[in-house]
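Asks: This is the structure alone, sequence omitted:
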């Protein structure tokens with residue numbers, strides 16, 4: 001039988017457009033093991049025969065195995081290191097002959113000889129192949145490529161040692177699980193791979209079956225590629241210490257009900273999961289597919305399910321890092337934990353392809369550093385913190401009108417200095433401060449302040465959204481042609497308020513809402529003054545949520561003049577209060 005040679009594999013070291021070099025004799029074609037009738041059926045896409053034996057025979061040669069363009073039905077177990085390659089992930093297609101079994105199973109048959117770790121030398125490669133399932137009753141079915149076992153609930157001896165495969169330019173579509181790592185199976189990388197219209201694109205869980213060696217679910221790396229149209233694009237469930245090494249670099253996440261689910265119940269990852277320069281569009285609440293993502297849970301090897309709703313990223317664990325890219329729609333549910341977002345585009349408004357962030361534990365936070373946003377940073381959840389100066393894309397410090405883009409949430413600062421030598425005003429709210437406006441009264445000394453204790457507590461009942469109070473004793477005359485920074489330390493324990501610095505006319509530094517929360521917040525404002533104006537610190541109800549009784553504390557207020565915008569931003573970044 002004649003071996004068919006793909007054009008870009010012909011020749012030796014001088015061949016053009018070859019992703020890698022194979023000389024004749026170093027690889028075999030699956031067509032070498034098929035009859036002419038079977039070859040014709042594969043090429044036309046009409047094949048209905050089980051080709052598992054022929055493919056297994058090709059793999060058993062120990063040579064690289066070439067899949068010419070066509071559709072192959074098979075259920076193959078691979079128990080030796082191998083290299084598989086095709087003519088392209090959309091023309092060399094593998095489908096399950098028996099939909100109840102994986103198309104390919106990287107099985108543990110020979111792992112015990114000479115030792116289970118024999119597979120841990122990063123040799124097996126799968127390149128330019130497509131793995132395709134069948135949609136039945138609207139549900140994608142089948143498993144593309146499984147490691148160690150076809151069933152996460154059924155442990156097979158040494159199944160946790162099956163891994164170390166590198167995938168290049170592969171495509172997984174219409175599968176219940178595109179790639180499955182049921183027992184840890186650490187050490188796999190995906191380069192420019194696509195996962196589309198699956199229930200799970202990648203499914204990885206730790207070996208918490210009660211049998212075998214301890215094995216966490218991490219050490220999976222994704223470079224480029226696309227995760228789109230899945231119910232749950234990437235799934236990690238880890239209950240074994242040692243978790244980490246999960247990285248996404250330049251990956252496109254688009255139109256997934258849930259793009260990434262990571263549930264790490266251990267004390268802390270060895271390496272925090274990292275998202276680097278990833279694209280995020282139309283996921284979570286913005287996904288055009290209806291319904292929520294219901295994913296598996298694993299407790300002592302027993303499977304259950306949980307409804308995680310509609311978020312791009314659903315994360316449980318001690319630490320996660322987002323560096324660059326477009327970040328939105330994070331649901332974060334772990335206590336005493338942090339997510340760090342830096343150098344990224346951040347959005348929470350659907351009009352700008354964003355979804356609000358959610359942090360469900362009062363002792364956890366999502367921190368933004370050196371980020372930009374068109375819709376502003378999260379205002380409904382005060383566990384979303386801004387570190388230093390984060391810019392609004394529509395940032396305009398020169399306009400005379402009100403702008404929320406000129407206000408920031410920043411961490412509460414403990415750095416206090418006696419003087420800056422700048423023109424301005426500061427008040428530490430240690431003594432009772434009176435207010436006027438729609439209502440009048442005096443604050444009550446309260447021992448809850450962070451920088452200053454006592455602070456002032458206010459109990460204000462607004463009867464309409466148009467009412468307000470302001471502190472006339474803190475009015476400050478600001479001169480034109482200069483920049484000013486104002487910061488306010490505030491905590492709302494009941495109701496919903498807005499903190500504003502302005503003159504109730506054309507000159508407004510900005511405004512930010514503060515919701516009932518157990519935490520203090522510092523709001524910072526920066527503005528260039530085109531006109532002379534007298535600035536007031538005022539408090540307003542936040543829409544209908546603020547109509548009624550509001551209990552809040554203020555611990556400090558300052559407003560200072562700066563010669564340049566850069567100097568003003570540096571002052572904010574220092575988190576300094578002039579006492």
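Replies: Alright, I've got the coordinates. Because the structure is a prediction, the values reported are computed rather than measured.
Asks: Specify which residues of the stretch 351-500 of the chain, grouped into ranges, have pLDDT under the cut-off.
Replies: Per-residue confidence of the stretch 351-500 of the chain (counting by pLDDT under 70) places the weak regions at 379-382, 388-389, 394-396, 398-405, 411, 413-414.
Asks: Show me the domain layout of the chain.
Replies: Residue ranges for the structural domains of the chain, counted by automatic domain parsing, are given in the record as 75-317, 413-578.
Asks: mean confidence score for the first one?
Replies: This means domain 75-317. Domain 75-317 comes out with an average pLDDT of 93.
Asks: try stretch 37-53
Replies: The predicted model gives stretch 37-53 an average pLDDT of 96.
Asks: could the domains of the chain go into CSV alongside distance to residue 386 and mean neighbour count?
Replies: All C-beta spots, glycine's among them, are computed from the backbone N, C-alpha and C. Formatted as CSV, the entries for the domains of the chain read as follows, by distance: least, CB to CB, whole Å; neighbours: other CB atoms under 10 Å:
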stretch, distance to residue 386, mean neighbour count
domain 75-317, 19, 21
domain 413-578, 8, 18
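Asks: could you dump those domains to a markdown table with distance to residue 64?
Replies: A markdown table is the format used below for the domains of the chain (distance: least, CB to CB, whole Å):
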| stretch | distance to residue 64 |
| --- | --- |
| domain 75-317 | 4 |
| domain 413-578 | 55 |
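Asks: Looking at the ones you listed, which is nearest to residue 56?
Replies: Relative to residue 56, the nearest member of the domains of the chain by CB to CB is domain 75-317, separated by 5.6 Å.
Asks: Quick one: end-to-end distance for that closest one.
Replies: Criterion CA to CA, to the nearest Å; first-to-last residue distance in domain 75-317 is 36 Å.
Asks: So residue 347 is in contact with residue 372, correct?
Replies: No. Counting by CB atoms under 8 Å, residue 372 is not a contact partner of residue 347; they are 9.6 Å apart.
Asks: between those two, who's got more neighbours?
Replies: In this comparison of residue 347 against residue 372, neighbours counted by other CB atoms under 10 Å, the higher total goes to residue 347 at 26 against 17.
Asks: Leaving out sequence neighbours, find the closest residue to that one.
Replies: Closest residue in space to residue 347, ignoring its immediate chain neighbours: residue 354 at 2.8 Å, by CB to CB, 6 or more residues apart in numbering.
Asks: any idea how far that neighbour lies from residue 441?
Replies: Spatial separation of residue 354 from residue 441 under the definition CB to CB, to the nearest Å is 39 Å.
Asks: now residue 206
Replies: From residue 206 across to residue 441, the span is 58 Å (CB to CB).
Asks: Same question for residue 57.
Replies: Noted for residue 57: a distance of 88 Å to residue 441, by CB to CB.
Asks: how near is the residue nearest to residue 347 to residue 288?
Replies: As judged by CB to CB, residue 354 and residue 288 stand 16 Å apart.
Asks: Also residue 445?
Replies: Using CB to CB, residue 445 is found at 55 Å from residue 288.
Asks: residues in contact with the residue nearest to residue 347?
Replies: Going by CB atoms under 8 Å, 6 or more residues apart in numbering, residue 354 touches 328-329, 346-348, 375.
Asks: out of these, which is most surrounded?
Replies: If you count neighbours using other CB under 10 Å, the busiest of the contacts of residue 354 is residue 328, which has 29 neighbours.
Asks: Now it: closest residue in space, sequence neighbours ignored.
Replies: Ranked by CB to CB, 6+ apart and with sequence neighbours excluded, the top spatial neighbour of residue 328 is residue 354, at 4.4 Å.
Asks: Likewise for residue 435?
Replies: residue 469 (4.4 Å).
Asks: coming back round to it: how about the residue nearest to residue 328, secondary structure?
Replies: Following DSSP: H, G, I helix; E, B strand; the rest coil, we place residue 354 in the coil state.
Asks: give me phi/psi at it?
Replies: The phi and psi torsions at residue 354 (degrees, to the nearest 10) take the values phi -120, psi 160.
Asks: hang on, residue 55 in a helix?
Replies: Yes. Note on residue 55: a helix contains this position according to three-state DSSP.
Asks: residue contacts, it?
Replies: 30, 33, 65, 72, 74, 76.
Asks: measure stretch 265-274 end to end?
Replies: Criterion CA to CA; first-to-last residue distance in stretch 265-274 is 17 Å.
Asks: ditto for stretch 77-92
Replies: Its first and final residues considered, stretch 77-92 spans 19 Å by CA to CA.
Asks: quick revisit: right, and out of the contacts of residue 354, which lies closest to residue 162?
Replies: For the contacts of residue 354, the closest approach to residue 162 (CB to CB) belongs to residue 329, at 33.7 Å.
Asks: Spit out the contact partners of the closest one.
Replies: Taking CB under 8 Å, 6+ apart, we find residue 329 in contact with 280, 283-286, 311-313, 354-357.
Asks: Can you add secondary structure and distance to residue 496 and give those residues back as a markdown table?
Replies: Written out in a markdown table, the entries for the contacts of residue 329 read as follows (DSSP: H, G, I helix; E, B strand; the rest coil; distance: CB to CB, whole Å):
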| residue | secondary structure | distance to residue 496 |
| --- | --- | --- |
| 280 | strand | 29 |
| 283 | coil | 28 |
| 284 | helix | 25 |
| 285 | helix | 22 |
| 286 | helix | 26 |
| 311 | coil | 24 |
| 312 | coil | 26 |
| 313 | strand | 27 |
| 354 | coil | 21 |
| 355 | coil | 21 |
| 356 | coil | 15 |
| 357 | coil | 18 |
